[in-house]
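Engineer: Here is the input, now give the coordinates:
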Amino acid sequence: MAFVAALLMIRMALVLPLAAAVPHPPPIQPFSLADVGLSPGSEFATQRDQTFAYLLLLEPDSLLFQFRKNAGLPTPGSPYGGWEAQDSELRGHFMGHYLSATAAAALHTGLPQFRQRCDFLVAQLTQVQEALGGGYLSAFPESFFDRLEALQPVRAPFYTTHKILAGLLDQHSMAGTAGALQAARGLSDYLCGRVRRVLAANGTQHWQRVLEVGSGGMSEALYMLYSLTTAQEHAECAHWFDKQAFFRPLVDGRDPLPGLAANTHLAQVQGFAARYEQLGDEEALTATASFFGLLLQHHSFSTGGSSWLEHWGEEDSLGDAFSNTSAAAATQESCTTYNALKLARFMFSHTGDPALADFCERVLLNGVIGIQKMQQQQHASRRQPQQPQPQPQQHHHHLQTLQRMAGEQAATRASGDWSAGGGASTAGGEAEEVPGRFICFLPLGAGLTKAEGGTSCSRGWSTPFDSFWCCSGTAVQSFSRLADSVFLRSQVQSLPLLYVNQFVSSSLRWTELRLVARQQADLYPAADNFVRSRLILDIYPPDSSSSSSLRGGEGASSTSPQGWDGDSSDEQDGRDGGWRASGGTASFPATGGVAGQQRRLIINWRIPGWSKADQVQVTINGRNATQCMQGADSGTGGMGAGLGSGPQFGQGARFCTLGPNWKSGDVVEAVLPMRAVAETLNDVRPEMRELRAVVLGPFLMAGMTHDGSHRVDVDPSRLEEALSIPDSTSFVSLRMAAPGGGGGGCVSSDDKRSTQPGEEVSAPAGLPAGALLRHCDGSVRFGGGCRGGSGAKLDATFKMMAPLAGCAGAGEGPAEASAAGCASAYLTARRRLLVQRPGEAAASSGLQQQEGEEVPWLVSFEAAAFPGQYLTVDQFNGTLALFPGHKARGSSSSSSSSSVSGKSVARAQTFRLHLAGAAAAAVGGCSPAAFTLEPLSRPGSRLQLASGGSQLHAEGGSNAESAALFELVPPAAGAYPRGSRVLHGGTRDFLLVPIGQIMEEPYTAYFRFVQPTTHASAAA
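Structural biologist: Have a look, this model is predicted:
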């Protein structure tokens, strides 16, 4: 079977046959989190920082509440809700995740606030353990284990205690927290004692039935404990947790995955991997490799995730995930993504296969980035491409930043502009809240959002204090360790080897070599499809005064703050060329290395499988590294080449070997052109073969759609020709100034909130809550959002365009920007001024009334999220709606719009913009640039708000009392999400956004590709 290729790959990497019970540590090792920094302001850094802010926001006493109560100790503070509530049989599990995450944060940052959290929590848990007696440590009573052993219903007590055990081990290994290892040993002795008694009393068969209730990663944690204690009883106990009905088929080459709960079995595979590393057990290696091959070849989506409704389906049948809305909304459980990524790292550490590094990248960018709801000042984007440039490191006050973020009860709504850091989140409605909101599932069905779900734990975004789902726990662990696989290291014939595995703006300190590597990377090019990365090497003289060693995390931790993310607040010490030691750990130098310093090392630079091999450029100090284009090792040729012919993870990936001679200041630069691929769904059934994911480079590009439409008339082999880069320079939002029909006065133009991007201030009398014009499922209204939500920013953003009917008043001739009466010329010069200082703009633009005559301007409005669809006045009932432009007529959007001529449609999508002038003043409080809209298809009419409703329609009469008054305001979405593209799909165009950049917008992950020669009458 196909999975054998993955198994053989690993075995070929083994140099010598393994003896029994001989540890086999991985030849490729990660750097300590203490020695890898993420560049301030980068995507990974902002994601991590928000999680760190959440960790500091949580109250230790609240996390400890149920533990203390269970032990009969005083319970200061108040308990949290959700899975941590008193009535939850999983209470206490999040404490384990929190211990692991704060241990990583303490190591990564060196901040005393995290160290204090670690010390306090472990000390308090030790008190709980002593009060409970016998080594037991939990937030629930021992009777839960009694019920489990009696095969009575209970919610996975081993799963919960595993989290606590693993958290204590991380506290010891990463943070060096006193008492953590002793507490872990006490807990393991208690748990293993119970297992031993069950086996003695009831036998192995009964115990295997007990294991049918998820035991989490108990075996992995016990093998890790064994690695610290070398006590054989810990390894023996770990082996007891192997579920033979799952383990044995994997060893024998069979697929046991269909029907199994995904996350609990992924955690068991972590135990197989740990058994191989600690004992050299080849059967454990076989099971691990078999599982990983099966997972990727037969059970994975193009995101790198798997499962739906928490289970795996039959081989090559992922189309079943889209069989109903509940399943489609509950795909790719975040916990499984965490464990699959962890397993891939294990595989890479033993093989060095570049396809695995590609897989890790795919999972990180599509299955980790995007599961945390970012506050508006984050999720940064750009309107213009930025070349990575070397930048001097400066001290950033991370502690103050984290404290500020943790202390905010609502996110600042000062920008909302993606280009200034605003995320793809809501416009109006509920305020952004504190950090700590995650999704349990990543929906991959059509027309779904991350804000909705199909099962009890997939109801959109979690809450910070009343959810604490399993996926909330693995999320804080994932974001706390984003820096752990950017760089890795090994040894080649006595030369050190550096792997540049991920293109992430970051810094590496390699203490033994006295070398700092600084990477600047741009994964989201705004003007082309070329990913760029630059690595600068700073080398320092040998340290003759001390033997500063690389801290690998063996229980050691600095007791004083160290430089974080390559920053340092100290001045350089010229005695050793700028390299300093602080708190036992070398700090990042503030600036570059020392001229003339040299080192010998090999750099393995990943050339991803998603790049166009013949166009890759790698240079060293501006000179081409020709070996990167010729004769490079191509690895396994992909990790997904199975029967399903689904995702080809890493196909064609390779490492380019550079070096070995380097000097301080050397610069490696790579330009990697991204391929666009229509990747088939992992399903062998002919009716499912049309479903494909659009993958650009490492990104799954989801299409914005409210109604689930996902048909595209595109030849998959010519996908790249159907893609273009969207432009956001003409973005605006329209806010109601006055509803018309005597509905009340204007919003004051002096209200400072009116200049905030996407701000919806208190509406005039008669308006619904929220006052921005937005669209949903083709309808257009003021306020609210799709499906009862507050609405996505893109839905309230439009492009102010040159009129579709032409610039001449009669609608004849081409739409040229320079023609009289054409709004685009006015827009180009005055749009920003108009929305920020409308009075000044109106006075200086020539739009004021001249000789008593109003000067009309023609304009069309295109929906930012739906390319090619425009505000349109329905030809029959006069309602304002969203329809395709006349060139896309017949795409099934509206029978009425498709039954009229293209010229008529264009006129229905073109409006005369009339400045209200004196009429606006008469209404009271209106901006000098407030205006009414007259549809060209209905001369003399004006748009006004329907009585008692939120929709607009065109009615005759042009007096100020009947016409609605509009104002242009800064766009709710200041730019497209980074990485956006447009897919020109024949009958309909789609805005494509990397799925990790989506927060609130409805989207579809898989499209139904139809050959352009096929003329089906109806679109999906």
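
Engineer: sec struct for Arg509, please.
Structural biologist: What DSSP: H, G, I helix; E, B strand; the rest coil gives for Arg509 is strand.

Engineer: hmm, I was thinking of Ser88
Structural biologist: At Ser88, secondary structure determined by three-state DSSP is coil.

Engineer: what sits against the closest residue to it other than its chain neighbours?
Structural biologist: With CB to CB, 6 or more residues apart in numbering as the criterion, Ser88 has its nearest non-adjacent residue at 7.1 Å, and that residue is Gly82. The way it works is simple: take the backbone N, C-alpha and C, and place the C-beta from them, glycine included. Applying CB atoms under 8 Å, 6 or more residues apart in numbering, we find Gly82 in contact with 88, 462-463, 466-469.

Engineer: So which of those residues wins on neighbours?
Structural biologist: Of all those, the highest neighbour tally under other CB atoms under 10 Å goes to Phe468, namely 28 neighbours.

Engineer: Can I take it that Leu913 is in a helix?
Structural biologist: No - assessed by three-state DSSP, Leu913 does not belong to a helix; its assignment is strand.

Engineer: Near the closest residue to it other than its chain neighbours, how many other residues are there?
Structural biologist: Closest residue in space to Leu913, ignoring its immediate chain neighbours: Trp857 at 4.5 Å, by CB to CB, 6+ apart. A count of neighbours around Trp857, defined by other CB under 10 Å, yields 23.

Engineer: my guess is Trp857 contacts Phe911, does it?
Structural biologist: No - in this structure, Trp857 is not within contact of Phe911 by CB atoms under 8 Å, at 9.1 Å.

Engineer: For the contacts of Gly82, please prepare JSON lines with the additional fields pLDDT.
Structural biologist: Shown next, in JSON lines, are the contacts of Gly82 (pLDDT from 0 to 100):
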{"residue": "Ser88", "pLDDT": "97"}
{"residue": "Ser462", "pLDDT": "93"}
{"residue": "Thr463", "pLDDT": "93"}
{"residue": "Asp466", "pLDDT": "94"}
{"residue": "Ser467", "pLDDT": "94"}
{"residue": "Phe468", "pLDDT": "96"}
{"residue": "Trp469", "pLDDT": "95"}
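
Engineer: Distance of Pro258 relative to Thr286?
Structural biologist: Separation of Pro258 from Thr286 (CB to CB, to the nearest Å): 20 Å.

Engineer: who has more neighbours, the two?
Structural biologist: Comparing Pro258 with Thr286 by other CB under 10 Å, the one with more neighbours is Thr286, at 20 against 13.

Engineer: Give me the nearest residue to that one, chain neighbours excluded.
Structural biologist: Nearest non-adjacent residue to Thr286, counting by CB to CB, 6+ apart: Val251, 5.2 Å away.

Engineer: Report how many residues lie close to the one you found.
Structural biologist: Val251 has 16 nearby residues by other CB under 10 Å.

Engineer: surely Thr463 meets Phe438?
Structural biologist: No - applying CB under 8 Å, one finds Thr463 not in contact with Phe438, separated by 9.9 Å.

Engineer: May I have the phi/psi pair for Ser733?
Structural biologist: Main-chain torsions, Ser733, degrees, to the nearest 10: phi -120, psi 150.

Engineer: show me the contacts for it.
Structural biologist: Residues in contact with Ser733, defined by CB under 8 Å, 6+ apart, are 427, 758, 772-773, 796-798, 968-972.

Engineer: which one of those residues is nearest Val154?
Structural biologist: Ranked by distance to Val154 (CB to CB), the contacts of Ser733 are led by Ala427 at 45.1 Å.

Engineer: okay, that closest one: pLDDT?
Structural biologist: Note on Ala427: pLDDT of 41.

Engineer: can you offset everything so residue one is 177?
Structural biologist: Right, with 177 as the first residue, what we last looked at is Ala603.

Engineer: quick one: low-confidence parts of the stretch 727-876 of the chain?
Structural biologist: Within the stretch 727-876 of the chain, the set of residues satisfying pLDDT under 70 comprises 727-767, 806-822.

Engineer: go again using 50 as the cut-off
Structural biologist: For the stretch 727-876 of the chain, applying pLDDT under 50 flags the ranges 727-740, 742-764, 766, 807-813, 816-821.

Engineer: for the stretch 927-1076 of the chain, same thing?
Structural biologist: Applying pLDDT under 50 to the stretch 927-1076 of the chain flags residues 927-942, 944-946, 985-997, 1021-1031, 1064-1076.

Engineer: Repeat the analysis, applying 70 as the threshold.
Structural biologist: For the stretch 927-1076 of the chain, the stretches with pLDDT under 70 are 927-946, 960-961, 963-967, 984-1032, 1062-1076.

Engineer: try the stretch 177-326 of the chain
Structural biologist: Low-confidence segments of the stretch 177-326 of the chain (pLDDT under 70): 177-196.

Engineer: Let's see that with 90 instead.
Structural biologist: 177-198 (pLDDT under 90).

Engineer: Going by residue numbers, what spans are helices in it?
Structural biologist: Along the stretch 177-326 of the chain, counting by DSSP state H, counting those that start in this stretch, helices occupy 180-189, 219-233, 236-247, 269-285, 288-308, 319-325.

Engineer: ok, Asn677 to Arg224 distance?
Structural biologist: Distance from Asn677 to Arg224, by CB to CB: 17 Å.

Engineer: List the contacts of stretch 830-837.
Structural biologist: Contacts with stretch 830-837, where a contact means CB under 8 Å, 6+ apart, come from 528, 530, 671, 675, 774, 776-783, 794, 796, 801, 803-804, 808-811, 844.

Engineer: can you give me the offset of the longest helix along the chain from its chain's centre?
Structural biologist: Using DSSP state H to define each element, the chain has its longest helix at helix 356-386. Relative to its chain's centre, helix 356-386 lies at 38 Å (CA atoms, centre = their mean, to the nearest Å).

Engineer: which of the residues in that helix are buried?
Structural biologist: Using 16 or more other CB atoms under 10 Å as the test for burial, helix 356-386 gives 356-357, 359-368, 370-371, 374, 383, 386.

Engineer: got it, and stretch 1037-1054?
Structural biologist: Under the neighbour-count criterion of 16+ other CB under 10 Å, stretch 1037-1054 has 1037-1051, 1054 buried.

Engineer: dump the residue contacts of the closest residue to Gln773 other than its chain neighbours.
Structural biologist: Spatially, and ignoring its direct neighbours in sequence, Gln773 is nearest to Ile715 (3.9 Å; CB to CB, 6+ apart). The contact partners of Ile715, taken as CB under 8 Å, 6+ apart, are 689-691, 769-770, 773-775, 838-840.

Engineer: Closest one of the residues you listed to Leu624?
Structural biologist: For these, the closest approach to Leu624 (CB to CB) belongs to Leu691, at 46.9 Å.

Engineer: what number of residues lie near that closest one?
Structural biologist: Considering only other CB under 10 Å, Leu691 is surrounded by 22 other residues.

Engineer: Tell me the confidence at it?
Structural biologist: According to the prediction, Leu691 has pLDDT 97.

Engineer: What's the separation between the closest residue to it other than its chain neighbours and Thr639?
Structural biologist: If the residues on either side of it in the chain are set aside, Leu691 comes closest to Ile715, at 5.3 Å by CB to CB, 6+ apart. Distance check for Ile715 against Thr639: by CB to CB, it reads 49 Å.

Engineer: now Ala261
Structural biologist: 12 Å.

Engineer: ok so, going back, now restrict the contacts of stretch 830-837 to buried residues only.
Structural biologist: Neighbour-count burial (16+ other CB under 10 Å) applied to the contacts of stretch 830-837 gives 528, 530, 675, 777-783, 794, 796, 801, 804, 808, 810-811, 844.
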